[in-house]
Each structure stands twice: as structure tokens, then as C-alpha cells.
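J.: Take a look and give me a structure for this.
(2 chains)
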Amino acid sequence: MQKAISRFAPSPTGYIHIGNIRSAIYPYLLAKKTGGKFILRIEDTDQARFVSGATDLILETLKWLGLDWDEGPEVGGEHGPYFQSQRKELYQKYALALMKKGRAYADPTPSEKIDEYRKSDNEKKIPFLYRNHRPSDSELEKLSKNWTEGTPIRFRSDPKPRSWHDEVMGDLSAGPEVQDDIILIKKDGLPTYNFAHIIDDFEMKVTHVMRGVEYLSSTPNYLALYEALDFPIPKFVSLPHILAPTGNKKLGKRDGAKSVTEYRADGVLPEALLNYLACLGWNDGTEKEIYSKAELIDAFSLDRVQNSGARFDEVKISWYNGQWIRKLVAEEGIDAFYPRTLEFWGEEAKNFPDEYKKKVLGIIFDRLKVLSDLREMTAYFFVAPAINLDLVLGNKFLKKLSETELASLLELSVSELEKIPEENWNAETLQNTLNSLLEKSGKKPAELFSLIRLALSFAPFSPALNLTLEVLGRETSLARLRAVKIAILSDQQ
RNA sequence: GGUUCCGUCGUCUAGUGGUCCAGGACGUCUGGUUCUCAUCCAGAAAAUCGCGGGUUCGACUCCCGCCGGAAUCACCA
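T.: Predicted structure coming up:
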């Protein structure tokens, strides 16, 4: 298998959102799969849109997802620097060489003039192509000879039918009408994306140019550039868009595409997000759904990447996350999983020892969809819940029982549970006691257990009763049951 | 408007001429597991394979046309 050198080349104009992180995931998987290299390159040639801090955010996002790069910021590499703003001379060198060959020219036309051309062509209903307005050669010659920054450099296009192969889309072709004299170097001396990425990919020996399908229609122009530059043509890989939940547009920030770090803050595990995103638009043909990063790398192949857009579904992320929570706990145990939950516990839990929180986690984790559910779900383990008799009296199993009955049931429960000494207060003995309580009271589990559960938690749901009692502890459990009994009694009067 | 791409259950997808009256997953619904919720298990509903023509003994799969959707047409990437 050919070792693939791939890259992710974001521009630091903001956070990485869910809609575009996949163009980092697939290149990463391909590089790892083939034993190649994954390069991170920051395309910061647009000074107007530059957002400070964005680069750090991008780096952090990739690290969190586990997409470590072999070359790029922080780690360096033999083809650096990896910020385009620091490679200005290189681009100019190539542009100048192109001018020398007659394949590029310095263009003095002011942008207002270009806008006029565009406008009049549009009015005449003919496609606007700058090459139709290209100044005469004699005009251009002197300018191009001693070019200085401040004048844009354009490519002298060579329009002709072009066809190429795309690893995802298949065989493609386009006519000359889409090829134009594109800008190579802007007025500010920095290159455009169109030019810079070609130079960088060549210099960095990139074998697979992977990016969103939006670049498909520019490919004929790139082909002409590779040809003029005498560069080998890399493999093109167009990645279909992720579609917004509604409509058919690609998912963008305007559709509320959340940043990857927002999912992190919600308590989505990186494993789950990576799994979901990788499988949105790719599958290995088997019925497997849950993939670790290593399994993804192992199973990945370009020819199974989907060629149509995939709709983004947050509900399915929750499912993946639940699966991953359970998988990780099953494989690594609560102790190993616990550190991931640290930032999600509520304020109430703050002063409780880790050991206690681990026990709580151990009995509620399989109810978790996202880690941020933790706070609400566990509050009653840390503070006594407010007694809300309506919850008891209105319960579908309990509403047929009188308050007197309820109070005596609680009394009975307390007296039986009290018999369990501290050292035997564990799930097993508790279950035995609960069973005998069932016999003694003659009540159905639905009635007795609902009552005890509510009295302990006043929560809409909680783990199995014996487990809840065990974790809550003898003293706390008994105190809560007594308190509810008293509340019922006083309510009665 | 020009150019280009895409089109299988609500959603993500399997399917490369017969094994497909189309399989899996999410979601939905039903039932089961000594209360609840979740998990787990069992089951159900759900796609005339965008439409219309061909080719073929046979098409979701090949060809053509149409329709629908999307992308792009910047000194942004």
C-alpha cells in the first residue's frame, strides 16, 4: 500500500465546527492506515479574516479528538514552517518563475475596473471570465519584468478540456469555460489559497489532497497550475458535505453548527464523536457500528467513503456516547473512567471524597447519555432532596394507599433496615431485607419499592433500590426514610 | 444563468446484473427484566431503490432522457 501523506489545512478564522472536522478525520485515518504522515498546515493568508486565538483552538480541538499530527505547529517537521504567512517568499519565488516562463503576469487593473467587467458581462448574460479582459501583452510585459509587491500576480490560463480522477467521486471532467486567470499573489504580497496550497502540497510531498467537495469546481484551474509549474498531480479526494439537520444545505456556523469543543463541554466523549463523524459518510461494509480510533484506522479505506452528503443527527451522537460510556467502563473500570467525569459533577458533590463519587458513578453510569447529565442525575446522593409529598401521594402505585398506610410502611421499612449492622450494609443483604420486607408487608414491589425509592431520592428515576441504599449508606438512608414518615404524619393532621 | 457533482426506509447506510417481494444501525412503537429511569433482550411498523424510457432471459445495480437537490463562478479559504 502506498504511504499516504495527507494534510489538514484549516484557516484560523474561528473554531472548528462539526461540519468541517471530518476533513481532518479522513486524512488522518488514511495517513495512519497506510503508515504515512498527517500534516497540519495553518492557512493564514487572509489577514482580514484572521481571528487571534483561533490557531490554538484548532490545535486543542485536534488533540482532544486524538488527531495528532506528524508535521506542523508545535511538532515541526522537515518542510516547515507550517504557517503560510511565514512562507511568503516561497510563493513569490514560484510566482516569479511562472512570470518568467510567461505563465503568469502582474496585473495592474484596479479592482473597481474588474467589478465593472463583471457587471457588464452579467448584464450581457455571458459568463464572466477575467481572461477575456486581460490587458494586452505589451502592456503587461514591462510590469511583469520588475514586479514588486502591491501588484497582484495572475495566472495566464490555458483553457482546454480537462479530466481527472477523484478517489471518492470517480472520473471527472470539465470544459475550458471554468478555467480563468486566477489570482496567485494578492496585492498584499500574500498568496491566495488557490496558489499557496499547490506550492505547499508539492513542497510537503503531499500525496492525497483531501478537502470538501466545494473545491471540485476549482480543480480544472489547479490542474492547469500543476501543469504550468511542472508539478506531479496528487491524488484528489473530495469529501462530501455534512448537511444541516433541516434543509439540504451543508452544515455551517449559520445553521448552528456547534464547535467541536462545545460537544466536549456537553460531556461527549472524543471517542464517541470520532466514531460518529467517521461513520457519517463512511463504512467498512460490515454491520459494525462501534469503532475505536485504532479500529477505524484499521478498517478505513477511501473507496468506501460516501459520495453524497450526509445529514447530521445529534440524537445519534447521544447514542454513540452512551455506547462509549458503557464500553469504557466495562473495559477499563470505574476507576479509569472516573477522571473523565471530574468537571461534570455538581457543586453539591464538591466536598465529597472521590471514593464516594466513584460509587455513585458506578451505579448511574449506564443511564448517562452525556456526561453533563451527571449533575442533575446524582444530586440526591450529595444533599437530602426536598421532601415533596405530592410526588409520593400522586404516584400511580401509591395513590391508592392512605397516608396512614404509607407511614406505617415506612416505619416497617426503617425497623427492618435498622437491623442490618453497618458492616453488613451491602447490596446483597439489602436485597434480602427488601425481599423479606415484601413478605412482611404483603405489598407488591411496585408499591413498597416506589415508596422507598421516592423517599430516598424524590427523583424521577434512580438506580436499583438496593444499590441506591448501599451507596447512600445506612445512616443517610434511615434518616431520609424517617423524615418522610414524619412529613406524611404531619401532613395528615 | 454557466459549469460540475449527487439522488436506496424519517435519518446514517449495505447492495458492483439473479442469493433483494432490498439487509443493518439510529429514531419510533410493542412486550420482557421484583418500583422508576436507563441498560439489556425479544418483536413490529418503516424504502413501488427520484421519475420515464431502453439494453438483458433477468436491473437498485449498465445506457439515455427528465425531474429534484447541492456545490461553484472573490485580490475567502
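J.: check contacts around A:Ser450.
T.: A:Asn395, A:Phe397, A:Leu398 (C-beta atoms under 8 Å, 6 or more residues apart in numbering). To be clear about C-beta, it is placed using only N, CA and C from the backbone, and glycine gets the same treatment.
J.: Same list, the residues you listed, but only the ones touching RNA strand B.
T.: A:Phe397 (C-beta under 7 Å from any atom of the strand).
J.: what number of residues lie near A:Asp201?
T.: 23 (other C-beta atoms under 10 Å).
J.: what's whatever helix or strand it lives in in contact with?
T.: Element membership of A:Asp201 [criterion: DSSP states H and E] is helix A:193-203. With contacts defined as C-beta under 8 Å, 6+ apart, helix A:193-203 is touched by A:7, A:9, A:11, A:41, A:43, A:45, A:79, A:84, A:87, A:90-91, A:94-95, A:155, A:182-185, A:191, A:206, A:209, A:218, A:221-222, A:225-226, A:229, A:231-232, A:234.
J.: Just the buried ones from the residues you listed?
T.: Those of those that meet the buried threshold are A:7, A:9, A:11, A:41, A:43, A:45, A:79, A:84, A:87, A:90-91, A:94-95, A:155, A:182-185, A:191, A:206, A:209, A:221-222, A:225-226, A:229, A:231, A:234, by 16 or more other C-beta atoms under 10 Å.
J.: just checking: which of those residues also lie near RNA strand B?
T.: Answer for those near RNA strand B (C-beta under 7 Å from any atom of the strand): A:Ala9, A:Ser11, A:Glu43, A:Thr45, A:Ile183.
J.: Per-residue pLDDT of A:Ile387, please?
T.: Listed pLDDT for A:Ile387 reads 90.
J.: Might one say that it is in contact with A:Ile486?
T.: No - between A:Ile387 and A:Ile486 there is no contact under C-beta atoms under 8 Å: 9.3 Å.
J.: can you list the domain ranges for chain A.
T.: Domain ranges of chain A: A:5-243, A:260-378, A:389-492, per automatic domain parsing.
J.: Show me what from the stretch 301-450 of chain A comes close to RNA strand B.
T.: A:303-304, A:306-311, A:313, A:315-316, A:318-319, A:322-323, A:326, A:366-367, A:397, A:431, A:434-435, A:438, A:445-446, A:449-450.
J.: backbone phi and psi for A:Lys396, please?
T.: phi -60, psi -20 (degrees, to the nearest 10).
J.: And it, how close does it get to A:Leu454?
T.: 12 Å (C-beta to C-beta, to the nearest Å).
J.: what about those two, which has more around it?
T.: A:Leu454 (22 against 8).
J.: gap between the helix or strand where that one lies and the chain center?
T.: Using DSSP H and E, A:Leu454 sits within helix A:445-457. Taking C-alpha atoms, centre = their mean, to the nearest Å, the mean C-alpha location of helix A:445-457 is offset from the chain mean by 41 Å.
J.: can you pull the buried residues of that helix?
T.: For helix A:445-457, burial by neighbour count (16+ other C-beta under 10 Å) applies to A:Glu447, A:Leu448, A:Phe449, A:Ser450, A:Leu451, A:Ile452, A:Arg453, A:Leu454, A:Ala455, A:Leu456, A:Ser457.
J.: Could you measure from the fourth one over to A:Leu456?
T.: Read it as A:Ser450. According to C-beta to C-beta, A:Ser450 stands 11 Å off from A:Leu456.
J.: What segments of the stretch 51-200 of chain A are helices?
T.: Taking DSSP state H, counting those that start in this stretch, the helices of the stretch 51-200 of chain A run over residues A:54-65, A:88-100, A:111-123, A:137-145, A:193-203.
J.: And the stretch 201-350 of chain A, by the same measure?
T.: Going by DSSP H, counting those that start in this stretch, the stretch 201-350 of chain A shows helices at A:219-229, A:260-266, A:270-279, A:293-299, A:314-337.
J.: How far away from the center of its chain is the third one?
T.: Here helix A:270-279 shows a centroid-to-chain-centroid distance of 7 Å under the convention C-alpha atoms, centre = their mean.
J.: next one: the first one
T.: Helix A:219-229 sits 33 Å away from the centroid of its parent chain (C-alpha atoms, centre = their mean).
J.: Give me the helices and strands touching that helix, please.
T.: helix A:88-100, strand A:153-155, strand A:162-166, strand A:170-174, helix A:193-203 (3 or more C-beta pairs under 8 Å, 6 or more residues apart in numbering; DSSP states H and E).
J.: which stretch among those comes nearest A:Leu67?
T.: In terms of C-beta to C-beta, the element of those nearest to A:Leu67 is helix A:193-203, at 18.9 Å.
J.: same question for that closest one, mean pLDDT?
T.: Here the average pLDDT along helix A:193-203 is 98.
J.: buried set for it?
T.: For helix A:193-203, by 16+ other C-beta under 10 Å, it's A:Asn194, A:Phe195, A:Ala196, A:His197, A:Ile198, A:Ile199, A:Asp200, A:Asp201, A:Phe202.
J.: go on, stretch A:243-263?
T.: A:Leu243, A:Ala244, A:Lys250, A:Leu251, A:Asp255, A:Ala257, A:Lys258, A:Ser259, A:Val260, A:Tyr263.
J.: One more: stretch A:312-322?
T.: A:Phe312, A:Ile317, A:Ser318, A:Tyr320, A:Asn321, A:Gly322.
J.: Quickly name whichever of these is closest to A:Val360.
T.: For those, the nearest to A:Val360 is A:Gly322 (17.9 Å; C-beta to C-beta).
J.: Please give me every residue in contact with that closest one.
T.: Taking C-beta under 8 Å, 6+ apart, one finds A:Leu368, A:Lys369 in contact with A:Gly322.
J.: roughly how far apart are A:Ala384 and A:Lys142?
T.: 87 Å.
J.: In the sheet, which residues pair with A:Ser259? Tell me.
T.: A:Ser259 has these beta-bridge partners by DSSP bridges: A:His17.
J.: Looks like it contacts A:His17 (just checking).
T.: Yes - A:Ser259 is within contact range of A:His17, at 5.2 Å (criterion: C-beta under 8 Å).
J.: before we move on, the earlier item: using TSV, lay out the buried residues of stretch A:312-322 together with distance to A:Pro161.
T.: Output for those, formatted as TSV (distance: C-beta to C-beta, whole Å):
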residue	distance to A:Pro161
A:Phe312	37
A:Ile317	44
A:Ser318	49
A:Tyr320	45
A:Asn321	49
A:Gly322	52
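J.: ok, so of these, who is nearest RNA strand B?
T.: A:Gly322 (5.8 Å; C-beta to the nearest atom of the strand).
J.: Before we move on, what's the pLDDT of that closest one?
T.: The per-residue pLDDT reported for A:Gly322 equals 97.
J.: Mind checking the pLDDT average for stretch A:398-412?
T.: pLDDT averaged over stretch A:398-412 gives 90.
J.: Mind listing what's buried along the lowest-mean-pLDDT helix or strand in chain A?
T.: Lowest by mean pLDDT, DSSP states H and E among the helices and strands of chain A is helix A:137-145, with a mean of 81. Of all the residues in helix A:137-145, those buried under the rule 16+ other C-beta under 10 Å are A:Leu140, A:Leu143, A:Ser144.
J.: Please report how far the last one lies from A:Ile185.
T.: The span separating A:Ser144 from A:Ile185 equals 12 Å under the rule C-beta to C-beta.
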